[in-house]
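K.L.:
predicted model and sequence follow; I will ask about them next.
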Amino acid sequence: QLVWVGLDGSTEKIIESEKTIRAARLEDERVLFENIDVNADIYAHDLRRGTTTRLTVDPAWDGTPVPSRRGDRIAFGSYRAGIEKLFIIEPDGSISMPLEAGGAQFPTSWSRDDRWLAYVERNPSTLTDIFLLPMNDEGADPLPFAATEATEGDAAFSPTSDLIAYVSDQSGSPEVWVRS
């Protein structure tokens with residue numbers, strides 16, 4: 001189930017589900033989440049209306065939904081390509097795959113102006129790395145942001161998008177790093 005927890009510790013049930021709900025993200029007046037039964041798909045729950053809409057229908061696992069700041073696009077990871085790859089639900093409801101090359105990928109954060117999408121890519125030699133994908137330049141190559149022999153992940157743009165916080169175990173234990 002999905003519950004709203006108030007600052008005073010009170011709880012309010014939002015969604016009752018016998019399936020496992022994971023990766024919930026609050027976006028304005030809706031909650032995006034993956035709902036797992038035999039398969040995982042992405043859903044949106046409208047908090048005002050109390051309605052839930054299934055956004056993806058595919059035999060492959062779809063998860064880790066990350067809404068753009070404007071809310072018109074949703075990045076997510078999916079095994080539709082055989083390994084987890086980055087996909088985008090476009091404003092018209094169509095689904096695109098912006099990157100075909102590279103290892104397994106999943107999104108973590110959009111920049112404030114939605115020009116950049118931070119994502120994590122698994123690499124056998126460097127474990128997990130963080131890349132920035134330019135979203136306004138179709139076909140542009142992603143830029144490596146944190147690509148070392150350490151494990152990097154959980155990238156999040158600051159509200160002004162001039163900083164990115166992420167987790168790295170470069171020092172030997174997981175720590176939060178902040179870079180411009």
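P.N.:
Cool, got the structure.
K.L.:
let me know how buried Tyr37 is, in neighbour terms.
P.N.:
Wrong residue type there; residue 37 is Asp, not Tyr. 10 (other CB atoms under 10 Å). Quick note: C-beta positions are derived from backbone N, CA and C, even for glycine.
K.L.:
again, but for Thr51
P.N.:
By other CB under 10 Å, the residues close to Thr51 number 10.
K.L.:
and for Leu127?
P.N.:
If we define neighbours as other CB under 10 Å, then Leu127 has 15 of them.
K.L.:
excluding chain neighbours, what is closest to it?
P.N.:
Thr151 (4.5 Å; CB to CB, 6 or more residues apart in numbering).
K.L.:
what's near enough to touch the one you found?
P.N.:
The contact partners of Thr151, taken as CB atoms under 8 Å, 6 or more residues apart in numbering, are 127-128, 168-169, 174.
K.L.:
going through those, which ones are buried?
P.N.:
The neighbour count (16 or more other CB atoms under 10 Å) marks 128, 168 as buried among the contacts of Thr151.
K.L.:
pick the one among the contacts of Thr151 closest to Ser78.
P.N.:
Thr128 (17.6 Å; CB to CB).
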